[in-house]
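> Okay, here's the prediction I keep looking at, along with the sequence it came from:
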Amino acid sequence: MYKIDMKKLLMLLIAFVAYVNYQNYIKSDIKKRHRETINHKTNINREIAIREHNYSKEDLLLDYSKITFNAKDFSYSKAMGEMQNHIYDAAKNVCKIQSVKWAQVPNTKLWYDKLRMNIRLTCKPEKLFEFTNRLKDKEIIYNVENFRAVNVKKKSHLFIMVQLVGFRTHNEVK
């Protein structure tokens, strides 16, 4: 009864395939735009607060003795031991630590040492954030380097290998 023109059908199918495959590139991501807007507002409010507070140069200086290990109080092994205690405290009842290995020698810069520790642990993804937040709650500042996470197929856990870096300052802080 109806005759279908094959050229029109082919064009319709091509248009449909193009629409399905490329619609995500054409449409704007509303959630992304909303997050960007919130981030911009937060950054603007922080900048306004900083400008209105009139910070002096002394207010902005860091006290390295509070955020790093001081060489006067902590030897290399004592600082590494304290760092290891922080790791075990942060992982308590959250993640299971497989191993913690100390680096052999600190990476020494002019006025500070980089204290490296290789950590292998397993935990659920949401518990990983709890572990990192507990580490951030410590006064000592840490860097995470060489982060690698692998999904354990039989369980809903992650196997995580990370290198955690702490800092030890010498007496001549510049």
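Alright, I've got the coordinates.

> okay, CA-based contacts and neighbour counts for the rest of this
OK.

> lowest confidence element among the helices and strands of this protein?
Across the helices and strands of the chain, mean confidence by mean pLDDT, DSSP states H and E is lowest for strand 107-108: a mean of 70.

> Confirm that residue 105 lies within a strand, as I assumed.
No. Counting by DSSP: H, G, I helix; E, B strand; the rest coil, residue 105 is located in no strand; its state is coil.

> Check the gap between it and residue 71 for me.
Per CA to CA, to the nearest Å, residue 105 is found 15 Å from residue 71.

> neighbour-wise, which of the two wins?
Neighbours per residue (other CA atoms under 10 Å) separate residue 105 from residue 71, with residue 71 holding more: 18 against 11.

> Find the residue closest to the more buried one in space, skipping its chain neighbours.
residue 170 (5.1 Å; CA to CA, 6 or more residues apart in numbering).

> my guess is the one you found meets residue 76, correct?
No. If you go by CA atoms under 8 Å, residue 170 and residue 76 don't touch, sitting 11.2 Å apart.

> Counting neighbours, what do you get for the nearest residue to residue 123 once chain neighbours are set aside?
Among residues not flanking residue 123 along the chain, residue 95 sits closest, at 4.6 Å (CA to CA, 6+ apart). Applying other CA under 10 Å, we find 20 residues neighbouring residue 95.

> partner residues bridging the spatially most central residue of the chain?
Centroid-nearest residue in the chain: residue 144, 7.1 Å away (criterion: CA atoms, centre = their mean). Taking DSSP bridges as the rule, residue 144 bridges to residue 164.

> Quick one: residues contacting it.
162, 163, 164, 165 (CA atoms under 8 Å, 6 or more residues apart in numbering).

> could you say what helices and strands the host helix or strand of the first one packs with?
Read it as residue 162. Assigned by DSSP states H and E, residue 162 belongs to strand 157-169. Strand 157-169 sits against strand 69-70, strand 112-123, strand 143-152, with contacts defined as 3 or more CA pairs under 8 Å, 6 or more residues apart in numbering; DSSP states H and E.

> Indicate which one of those strands is closest to residue 28.
Residue 28 lies closest to strand 143-152 among the helices and strands packed on strand 157-169, at 30.9 Å (CA to CA).

> So which residues make contact with the top helix by length along the chain?
If you go by DSSP state H, the chain has its longest helix at helix 30-53. By CA under 8 Å, 6+ apart, no surrounding residue is in contact with helix 30-53.
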